Structure formats: structure tokens, C-alpha cells
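Q: Below: sequence and its predicted model.
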Protein chains: 2
Amino acid sequence: MRRGLTIGEFATLTHLSVRTLRRYHEAALLVPATVDPFTGYRYYAAEQIPSAQVIHRLRELDVPLAEVKSILAADPERRADLIAGHLRRLEAELDRTRAAVVSLRRLLRPDPENLQVELRSVPARTVAAVRGHVTLEDSTRWYDAAMAELDAAFAPADRTGPPGGRYANELFTAGAGAMTVYRPVREPRARGRIEVVELPPVDLAVAVHSGGHDDIDVTYGRLGSWVVEHALAVDGPIDETYLAGPRDTPAPADWRTEIGWPVFRLTPGGLA
Amino acid sequence: MRRGLTIGEFATLTHLSVRTLRRYHEAALLVPATVDPFTGYRYYAAEQIPSAQVIHRLRELDVPLAEVKSILAADPERRADLIAGHLRRLEAELDRTRAAVVSLRRLLRPDPENLQVELRSVPARTVAAVRGHVTLEDSTRWYDAAMAELDAAFAPADRTGPPGGRYANELFTAGAGAMTVYRPVREPRARGRIEVVELPPVDLAVAVHSGGHDDIDVTYGRLGSWVVEHALAVDGPIDETYLAGPRDTPAPADWRTEIGWPVFRLTPGGLA
DNA sequence: GGTGGAGTCTCGCGCAGGGGGAGGGTCAAG
DNA sequence: CTTGACCCTCCCCCTGCGCGAGACTCCACC
């Protein structure tokens, strides 16, 4: 008595491995049409072949099994959305890959010029700011939203300098931490998530990173080397000032980001 | 007494996690400048920052740790080769991803037309062939080499039909199996790896797959459905005939591959 | 109606490249 | 000297499979 295709037959038909089919069953992704209650044998129906192939394609796109499951469970429009979302993520990943290639090439040829580092004592400033606690993953989205809010609240005429952010070290170390996005303006006032914040004074070692943020860690590293070599210690949140950012010029190559690292001298005498 | 940067400081400087740095130490990828023999504390030197960043970039490109290690150990020219090799692999993977996207789109809209399947009794044929046992991974390379040898041995005038291959089912099921690549020619003769082979007669369910081989499994699946629905069973090696392949036309979209699945009727009466 | 071999079952281990936490030792500022 | 932030090792967990062991089952052939 034929109850359907055995797992092996179904495997040849779909070019999936027997092992993989069992795993998909276990994950409730592709449940055999019938399972013999006594022997446990799995039997598949020919109608399941298309599903198997869709799963196969999604897996080739590195869609996690859990997501494949929700895609298959969703109705067609929602499904298209989910797939489009994943394709966007693939696209973003491709961008990151390209950036990594470029950055790698730069890293492998000896550094072009020396990094200009400046020690700067920044006095306390009262600014309009949005504060929050976010994970490194969400930080970009959070930053964009916060900055959009600041931009909306203060017209270009009210702004007295480029915007910036202060990022707790734990954000990089532990993957989550406090973030402050601020904008110096003529008359700071609270509105929505925006607060009036007095930024404490800091002594910063400052360097400028030119280009997109994909290899900003290289500048971080070079600034770090400089700080270590000059017998300074690092403390407190990092300050980034966006001299030129996505809101000013679209091409990442034109961006200029000032990185400020709070430092203090290990040897007595204070900052020069 | 300062012995260097602690792992935490080095982590913030390089944007790597403490965890990851420990793992890189364990893998002998990035060994701390000094390790306190009593406490086990790791201390890094500022000079190690560039190495850390190169590793970081390579990992972003999904280079396995072992390979990163050999890249770092290699001299500059060899290093460039290794990296170029990896970039080629990334490129190939990207092609596969693109193909999967295209195939997925096709799969998600209801099938365009019905697959034309033909039952065909193929008599025994004597052909020039190269036989071997290969893994699925190597199959493409092996195929290309074997076909090149056949092409070189028999001029176009000697050929009496399109080339083909017979692939044992285990190739797909178990990832390795017997392959035969053949070409029907006027006067088959052995030379090098080429043998004169008599292909046994087979009853085939035949369908034509148009386009590249990235989604040939879809046609396999549809052919399989057809075979199951028509109460036929599958047995013996698959036969593929390359009506139009890479040697005939460069664009994969123009390729035409005949898939022949050996079948026999489950119900008595033989093939019609 | 056996019997042998291919096919299938479950279970457990291995891989990379980490994440997360337990339990305990160290470092440096106050 | 305390305290809190670091750091240490060890172990288990995750994903998406591959591989193998040991035990059943299926089916064709004799």
C-alpha cells in the first residue's frame, strides 16, 4: 500500500537531503503528508514539492528557518513584504561587504598620512538633546529618528553648530548603552523627546574621520594609539560631531566626522 | 605598573568584543603582547590595533578564522592572492544569491505554463564517454574537464548529437556518486580518460528545462510530480542532455537542458 | 514464507563563531 | 581596607546542518 513518497524519494525530487527534510519536519516547517504512527516513517505528497522548493530558495538566501516558517504561514501580500524586507537586508549586507573590501584594501597598504589629533578643552554647553538607552543594533535607527526630531524642532537659522552625539563606552563594549544626540541651538527648549541638556565640560582628544562610517573604527584605533602613546587615559563617553553628514551631503565619501575621546593625563600636570 | 592595554580597553579601541578577543587569543590569531603568568590577565599593545582591524575586516567578509590565520601568516603577495581568492568566492556566492532571488520570484507566482513531459524509450547507444565517481561539490569542475576532453577528441563533424550525462541518484542523495559524461559520435574510440561505452536502453520521462541550472531543481520537482501522478516509479541514473549549453550560447537564459528520468509503470502493461 | 539488503527511525556528537552566565580572583580609587 | 569595576576560566546554548551508531521496516527475490 503506497502512502506517498518516502523521505528518500522526496529528497531526490527536491534536491534536499534526507537529514534536512527531517530537520524541517522537526521545525514544523515542512510536515510530511502522513506519518505512520507505528513505524514513524514519513510519507510526503507530490503537492509538497513546491513548498519544499520555496523553502530551499529562502534558505539559499540565508533566511533563518524561523523566518521561513512565518513567511510560509503569512498570506500572500504579507509574504511579499517579508521577502522584500529580507532582500533589503541582503542588499544592506552587500553594502557592508563592499565597504569592508574597500576598508581592507586601505588597511593593507601602509597608512597614507598621519592622523591629525588635537587636544581640546570643551566647556560646558547647553544644547537641545534626545537621550536614550539603546542597543548597538538599533542605534542607527534611533539616531536617525532623534536627529530628525531635532531638525524638525529647530530651523537652520536657530542652529549654532554641527550636531553631535555622546555614546557611552558600554554601547561598544557590551552592545548596549546610553546615547545622547544633541544639537547646539540659539534657544534650547524642550519639546516631545527633546530635552534641554547641559553637557558637562570635557577634555577631548579630537580627530576627524573622513568618509562613511563603515571603517570609522580604523580612525578610532588610530586615535586610540595616539592617546596611548601620549600617556593619556580614556574615560567617559565618546563625543562625535558630525561636521558633514548624510543630511549635508549624500555621498558617504564626503562625510566628515569629528571623534572626541575624553582623556586625562596619567602624569601630573594637567592638560597642556 | 602599566603593562599595556587591558582587554577591555583594547576592545573599545578596536570595536571588537572582549569575548571575541579571547577567542582570537585562543585561536592564536591575535596573541596579547603580554600575559600575566600569575593572574592570566591579557595585556595588548597599541601596535596590535592594525592587526585587530585587519582581522575584523576579514571576518566581516566571512573569511573563516583558520583562513584569516593563514592570511596573516603569509607574505604580502601570497596574502593578496588569498584575499583575491576569497573575493572571487564572495562574487560566486553573490551570483548564486541573485539566481535564488530570480528563482524565488518565479516560484511564488503560479506556474506559467504546464511542463511538457514526454515518455520516450531510448535504445542502447554506443558513445564516447568519461566516467568517474565524484562529490556534488566537485561535479561542475569534473564535468567541465571531462566535456572539454570529449570536445577536443571529436571535431564537430564527428558528433552526431548533443552531449549528455548520466548521474547516479546517490550524487544528489548522498552528495557523491557515479557520473558519466558522454557524447554521441560517428566513430567512438578510446583516448585518455575517454572510453567507448554502451549506454543501456532506458525508458525516460523527459522534460526540457530552459535557463541556467540554478533552478533546475524546480523542473526536476515538476517532472517528479508528473511522474508520481502518472503512477510511474523512478529508477536508475538520471540522464541529462544538453540541447544548448555554455559551449553553444553564453547566456544561461538561452540554455536548454533535457532531463530524462528513468521510469517504469507500477501497474502492469508496460510502457505505452 | 523466509531472508537480505536498502531504506528509515531516533539519538547523540561535531562544526564555526560566537553569546550568556556562574563562580571566583585582581586592580585601583577613595 | 573596602568596594566596585574588571578580568579570569569553564560550561552550556544558538543555528543549520553533517556524520555515525544501533535498531527497525520495507520490499523484492528465492
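A: Right, received. Where do you want to start?
Q: So A:Val208 is in contact with A:Glu258, correct?
A: Yes. Counting by CB atoms under 8 Å, A:Val208 touches A:Glu258, with 5.3 Å between them. Quick note: C-beta positions are derived from backbone N, CA and C, even for glycine.
Q: Now do the shared contacts for those two.
A: Residues touching both A:Val208 and A:Glu258 (CB atoms under 8 Å, 6 or more residues apart in numbering or on different chains) are A:Leu243.
Q: just the helices in chain A please.
A: A:7-14, A:18-26, A:49-60, A:65-73, A:76-108, A:136-153, A:170-173, A:216-229 (DSSP state H).
Q: Least confident of these, on average?
A: Here those differ in mean pLDDT, and the lowest is helix A:170-173 at a mean of 67.
Q: any idea what sits nearest the residue in the stretch 1-150 of chain A that DNA strand C sits nearest to, other than its immediate chain neighbours?
A: Using CB to the nearest atom of the strand, A:Gly8 is the residue of the stretch 1-150 of chain A that sits closest to DNA strand C, at 2.4 Å. If the residues on either side of it in the chain are set aside, A:Gly8 comes closest to A:Val18, at 6.0 Å by CB to CB, 6 or more residues apart in numbering or on different chains.
Q: separation between that neighbour and A:Glu9?
A: In this structure, A:Val18 and A:Glu9 are 10 Å apart, going by CB to CB, to the nearest Å.
Q: Give me the more crowded residue out of the two.
A: Remark: of A:Val18 and A:Glu9, A:Glu9 carries more neighbours, 19 against 16, as counted by other CB atoms under 10 Å in any protein chain shown.
Q: Alongside chain B, which residues does the stretch 1-150 of chain A contribute?
A: Within the stretch 1-150 of chain A, the positions adjacent to chain B are A:5, A:8-9, A:11-15, A:17-18, A:46-47, A:49-50, A:52-54, A:56-58, A:60-61, A:79-80, A:83, A:87, A:90, A:94, A:96-97, A:100-101, A:103-104, A:107-108 by CB under 8 Å from any CB of the partner chain.
Q: Could I get the buried residue list for stretch A:24-35?
A: By neighbour count with 16 or more other CB atoms under 10 Å in any protein chain shown, stretch A:24-35 contains the buried residues A:Tyr24, A:His25, A:Leu29, A:Leu30, A:Pro32.
Q: Columns distance to A:Gly40 on top of those residues, output as JSON lines?
A: Formatted as JSON lines, those follow (distance: CB to CB, whole Å):
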{"residue": "A:Tyr24", "distance to A:Gly40": "16"}
{"residue": "A:His25", "distance to A:Gly40": "11"}
{"residue": "A:Leu29", "distance to A:Gly40": "18"}
{"residue": "A:Leu30", "distance to A:Gly40": "16"}
{"residue": "A:Pro32", "distance to A:Gly40": "10"}
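Q: ok, so of those residues, who is nearest A:Leu72?
A: Taking CB to CB as the measure, A:Leu29 is the one of these closest to A:Leu72, at 7.2 Å.
Q: Contacts only, for the closest one.
A: A:Ile55, A:Leu65, A:Val68, A:Lys69, A:Leu72.
Q: And those residues, which two are furthest apart?
A: A:Leu65 and A:Leu72 (10.5 Å).
Q: Any idea what A:Val122 is bridged to?
A: A:Val202 (DSSP bridges).
Q: Quick check: it touching A:Leu204?
A: Yes. The pair A:Val122 / A:Leu204 is scored as a contact, 5.8 Å apart, by CB under 8 Å.
Q: what number of residues lie near the residue nearest to A:Ala190 when sequence neighbours are not counted?
A: Closest residue to A:Ala190 apart from its sequence neighbours, by CB to CB, 6+ apart: A:Val196 at 5.6 Å. By the criterion of other CB under 10 Å, A:Val196 has 14 neighbours.
Q: For A:Val196, list each beta-bridge partner.
A: A:Ala128.
Q: For DNA strand D, see how far away it is.
A: For A:Val196, the distance to DNA strand D equals 28 Å [CB to the nearest atom of the strand, to the nearest Å].
Q: Next: A:Glu9.
A: 11 Å.
Q: cool, and A:Ala80?
A: In this view, A:Ala80 and DNA strand D are 21 Å apart by CB to the nearest atom of the strand.
Q: Which residues are in contact with that residue?
A: So A:Ala80 contacts B:Leu108 (CB under 8 Å, 6+ apart).
Q: more neighbours, A:Val122 and A:Leu204?
A: A:Leu204 (22 against 16).
Q: neighbours around the nearest residue to that one once chain neighbours are set aside, how many?
A: Nearest in space to A:Leu204, with sequence neighbours left out and distances taken as CB to CB, 6+ apart, is A:Gly260 at 3.7 Å. By other CB under 10 Å, the residues close to A:Gly260 number 22.
Q: near DNA strand D, which residues of the stretch 1-150 of chain A show up?
A: For the stretch 1-150 of chain A, the residues in contact with DNA strand D (CB under 7 Å from any atom of the strand) are A:1-2, A:17, A:19-20, A:23, A:36, A:38-39, A:41, A:59, A:64-66.
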